[in-house]
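Trainee: Pasting the sequence and the predicted model now:
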Amino acid sequence: MKVNKIVALQLMMSMVLMLGTASCSKKSSSSHASRATGWDVDSQNGTSARNAGKKQQAGPGLVFVEGGTFTMGKVQDDVMHDWNNTPTQQHVQSFYMDETEVTNGMYLEYLEWLKKVFPPTEENYKNIYEGASPDTLVWRNRLGYNETMTNNYLRHPSYANYPVVGVNWIQAVEFSKWRTDRVNEAVLEKDGYLKKGAKTQDVSAESLFNTEAYLASPSTTYGGNEELVLKKNPSGKRPKAGKDGAVPEEKNVYAQRSSGVILPEYRLPTEAEWEYAAAADVGQREYNIYKGQKKYPWSGDYTRSSKRKNKGDQLANFKQGNGDYGGIAGWSDDGADITNSVKSYAPNDFGLYDMAGNVAEWVADVYRPIIDNEANDFNYYRGNQYAKNKIGKDGKIEIVSTANIKYDTLSNGKVVARNLPGEIAQVPVDEQETYLRTNFSTSDNINYRDGDKQSSRYFDFGDSESGPKADQTMYNSPKHNITTDSLGKMTRKYDNSSKRTTLIDDKVRVYKGGSWRDRAYWLDPAQRRYFPQDMATDYIGFRCAMSRVGSKAEKRKSPRN
């Protein structure tokens with residue numbers, strides 16, 4: 001009996017110790033103690049540990065696209081004999097993409113903001129608004145009456161929800177940059193890091209919000225107006241009084257990347273991202289789909305719906321035949337002759353609308369006839385030009401002012417602003433960043449493995465004097481030159497050289513997807529075409545994307561045992 005009592009007492013003591021240990025463990029895990037140092041992160045200025053696991057929120061207009069592997073390129077017959085979309089296996093990381101193309105209404109919001117902040121009547125700003133405006137003359141046709149669209153398509157409210165066209169690749173990139181800043185400005189205001197109403201209070205060219213400039217130097221945002229740029233306690237808790245009764249000073253900080261509230265930039269999707277999102281293999285489970293046999297963004301080999309509810313309806317807006325842009329009025333019709341209002345057709349399995357038809361879309365990539373999967377099969381993209389912040393003589397980052405806005409004169413004579421006040425001036429990376437690196441060696445990587453001198457048949461690895469001349473590289477398209485004289489008059493010089501062998505150069509970009517002007521052949525997500533980045537058409541629009549940070553999946557999966 002005595003032994004049994006001793007055993008029972010030992011068991012009770014063990015249980016007490018286990019409960020105590022569990023209690024201590026629970027207490028430890030519920031605190032903000034760092035797993036690296038054991039320090040209380042609440043007492044530190046940093047917020048990365050406190051915000052660990054915080055998920056990225058989708059920006060306005062975006063839907064989540066879970067990444068994965070897919071067959072990029074066309075595996076069916078290449079009837080056009082372009083030989084520019086041979087199949088390769090690629091992997092794309094998760095990202096977000098605009099649910100629809102950017103509409104006239106969305107783009108007009110951008111133009112009105114530019115007009116308000118940079119009045120075209122002022123000499124220093126006269127080219128900013130005009131340089132961002134779409135080319136409405138793209139609708140004109142020598143043998144067609146299209147003046148109705150020329151005069152009304154961009155601004156008439158009837159077309160507000162139609163995709164914007166007449167926008168070149170450069171303009172699409174600048175819109176994306178503007179959208180990034182306006183969205184993050186609203187996010188920071190909502191989260192209490194900017195004074196309520198700051199984004200609309202006395203907006204001027206001298207006091208603009210820029211995301212990267214805010215992160216680099218928050219106190220200089222809005223021209224250094226500290227009444228608009230606020231600090232806050234990231235923990236949201238008031239400090240407790242110590243043993244002596246004194247309440248420590250509340251630690252307030254500006255928003256940082258580690259705060260988890262600032263969104264990544266809006267940008268054009270890469271070609272791989274766009275094609276992956278358009279194909280939407282996520283909704284398919286057949287083996288042949290995995291190997292890239294899918295023909296359209298929807299299932300099946302036909303452009304008409306097979307569902308009982310809407311059987312026979314066209315699933316996209318495209319040209320059905322010669323002189324047939326929509327079908328016979330009243331029946332067998334796709335509902336549009338030119339473009340159509342976004343969301344007029346069913347979305348694909350990612351929830352994306354018009355990934356085939358309506359308008360073709362710009363993507364980020366510089367065009368080359370091949371996709372070099374031997375060099376990279378993860379987040380493939382051709383067009384990287386690495387830059388860094390420009391540091392002034394005072395050792396501080398250089399912010400673009402109203403006096404040093406840079407303008408580019410495009411090959412067609414259009415003048416566009418390539419930076420705006422409030423942005424951080426950028427310069428190419430130099431040897432300090434590239435020295436002894438194995439992953440990149442230059443700032444400009446557009447020509448890597450295809451188009452540089454080493455890729456040309458004229459290149460001589462031995463004697464540099466017998467190597468290629470400037471116009472003997474692989475991609476030597478015509479170079480139309482525009483100069484400005486002392487009076488500001490432009491002189492346009494057309495390149496009539498007979499030595500040009502291609503239309504491809506480093507300023508030609510890929511566009512994807514069929515449009516209202518295209519036959520069904522171009523609705524295949526794998527199809528790829530190219531167009532000069534500084535020119536626009538009445539059938540190319542665009543949509544934005546945003547990178548996903550953190551986990552691959554939107555919903556965390558249960559761990560495997």
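Mentor: Nice, I can see it. Numbering: from 1, shown residues only.

Trainee: can you give me the helices in the chain?
Mentor: For the chain, helices defined by DSSP state H occupy the ranges 2-30, 104-117, 126-132, 147-152, 169-190, 211-216, 271-279, 287-290, 431-434.

Trainee: who does the last one touch, helix- and strand-wise?
Mentor: Contacts of helix 431-434 with other secondary structure elements, assessed using 3 or more C-beta pairs under 8 Å, 6 or more residues apart in numbering; DSSP states H and E, are absent: no helix or strand is involved. Glycine gets a C-beta too; all of them are placed from N, C-alpha and C.

Trainee: what mean pLDDT does it have?
Mentor: Averaged across helix 431-434, pLDDT comes to 92.

Trainee: The first one now?
Mentor: Across helix 2-30, the average pLDDT comes to 53.

Trainee: so where's the stretch 151-300 of the chain uncertain?
Mentor: Residue ranges of the stretch 151-300 of the chain with pLDDT under 70: 235-250, 283, 285-293.

Trainee: how about a cut-off of 80?
Mentor: Low-confidence segments of the stretch 151-300 of the chain (pLDDT under 80): 201-202, 234-251, 283-294, 299-300.

Trainee: Check the gap between I399 and Y296 for me.
Mentor: According to C-beta to C-beta, to the nearest Å, I399 stands 47 Å off from Y296.

Trainee: And for E212?
Mentor: Relative to Y296, and taking C-beta to C-beta, E212 is found at 39 Å.

Trainee: next one: A536
Mentor: According to C-beta to C-beta, A536 stands 26 Å off from Y296.

Trainee: Over to Y129?
Mentor: Y129 is 39 Å from Y296, by C-beta to C-beta.

Trainee: Between these two, tell me which one has more neighbours.
Mentor: Neighbours were counted for Y129 and for Y296 using other C-beta atoms under 10 Å; Y296 has more, 23 against 20.

Trainee: Tell me the neighbouring strands of the longest strand along the chain, and mark each as parallel or antiparallel.
Mentor: If you go by DSSP state E, the chain has its longest strand at strand 360-366. Strands flanking strand 360-366 in the sheet, each with its direction: strand 508-512 (antiparallel), strand 540-541 (parallel) (DSSP bridges).

Trainee: quick one: contacts of the first one?
Mentor: By C-beta atoms under 8 Å, 6 or more residues apart in numbering, the surrounding residues in contact with strand 508-512 are 169, 271, 274-275, 278, 360-367, 477, 525, 527-533, 540.

Trainee: Mind doing that once more with 6 Å?
Mentor: Applying C-beta atoms under 6 Å, 6 or more residues apart in numbering, the contact partners of strand 508-512 are 169, 271, 274, 360-363, 365, 367, 528-533, 540.

Trainee: Looking at these, which one is closest to T438?
Mentor: D365 (23.7 Å; C-beta to C-beta).

Trainee: Now do the contacts for I262.
Mentor: N184.

Trainee: quick one on the thing from earlier: quick check: the two most widely separated of the contacts of strand 508-512?
Mentor: W274 and P532 (19.0 Å).

Trainee: Looking at the two, which has the bigger crowd around it?
Mentor: Remark: of W274 and P532, W274 carries more neighbours, 28 against 19, as counted by other C-beta under 10 Å.

Trainee: now E174, nearest residue through space, not along the chain?
Mentor: Leaving aside its chain neighbours, E174 sits nearest to A132 (6.4 Å; criterion: C-beta to C-beta, 6 or more residues apart in numbering).

Trainee: So what's the residue count around that neighbour?
Mentor: Look at A132: counted by other C-beta under 10 Å, it has 22 neighbours.

Trainee: now it: how far from V400?
Mentor: Counting by C-beta to C-beta, the gap from A132 to V400 is 16 Å.

Trainee: Might one say that W274 is in contact with A364?
Mentor: No. Under the criterion of C-beta atoms under 6 Å, W274 makes no contact with A364, lying 8.8 Å away.

Trainee: all strands for the stretch 301-450 of the chain, in order.
Mentor: Using DSSP state E, counting those that start in this stretch, the strands of the stretch 301-450 of the chain run over 360-366, 387-389, 407-409, 415-417, 426-428.

Trainee: Walk me through which strands the fourth one pairs with, and which way each runs.
Mentor: When you say that, I think you mean strand 415-417. Sheet pairing for strand 415-417, assigned by DSSP bridges, gives strand 407-409 (antiparallel).

Trainee: again with the second one
Mentor: Each strand paired with strand 387-389, and its direction, by DSSP bridges: strand 426-428 (antiparallel).

Trainee: Now do the partner strand: everything it contacts.
Mentor: A387, K390, S443.

Trainee: Same question for stretch 180-199.
Mentor: By C-beta under 6 Å, 6+ apart, the surrounding residues in contact with stretch 180-199 are 59, 209-211, 228, 230, 232, 255, 261-263, 265-266.

Trainee: could I get that stretch in PDB with only the CA atoms?
Mentor: C-alpha atoms of stretch 180-199 as PDB (Å, rounded to 0.1, in the frame of the first residue of the first chain):
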ATOM      1  CA  THR A 180       0.900  51.900 -57.800                       C
ATOM      2  CA  ASP A 181       1.400  55.300 -56.100                       C
ATOM      3  CA  ARG A 182      -2.300  56.200 -55.900                       C
ATOM      4  CA  VAL A 183      -3.300  52.800 -54.500                       C
ATOM      5  CA  ASN A 184      -0.500  52.800 -51.900                       C
ATOM      6  CA  GLU A 185      -1.400  56.400 -51.000                       C
ATOM      7  CA  ALA A 186      -4.900  55.300 -50.300                       C
ATOM      8  CA  VAL A 187      -3.700  52.200 -48.300                       C
ATOM      9  CA  LEU A 188      -1.500  54.300 -46.100                       C
ATOM     10  CA  GLU A 189      -4.200  56.900 -45.500                       C
ATOM     11  CA  LYS A 190      -6.700  54.100 -44.600                       C
ATOM     12  CA  ASP A 191      -4.100  52.500 -42.200                       C
ATOM     13  CA  GLY A 192      -3.400  55.800 -40.400                       C
ATOM     14  CA  TYR A 193       0.100  56.500 -41.800                       C
ATOM     15  CA  LEU A 194      -1.200  59.500 -43.700                       C
ATOM     16  CA  LYS A 195      -3.600  62.200 -42.600                       C
ATOM     17  CA  LYS A 196      -7.100  61.600 -43.700                       C
ATOM     18  CA  GLY A 197      -7.700  63.500 -46.900                       C
ATOM     19  CA  ALA A 198      -3.900  63.800 -47.600                       C
ATOM     20  CA  LYS A 199      -4.200  62.300 -51.100                       C
END
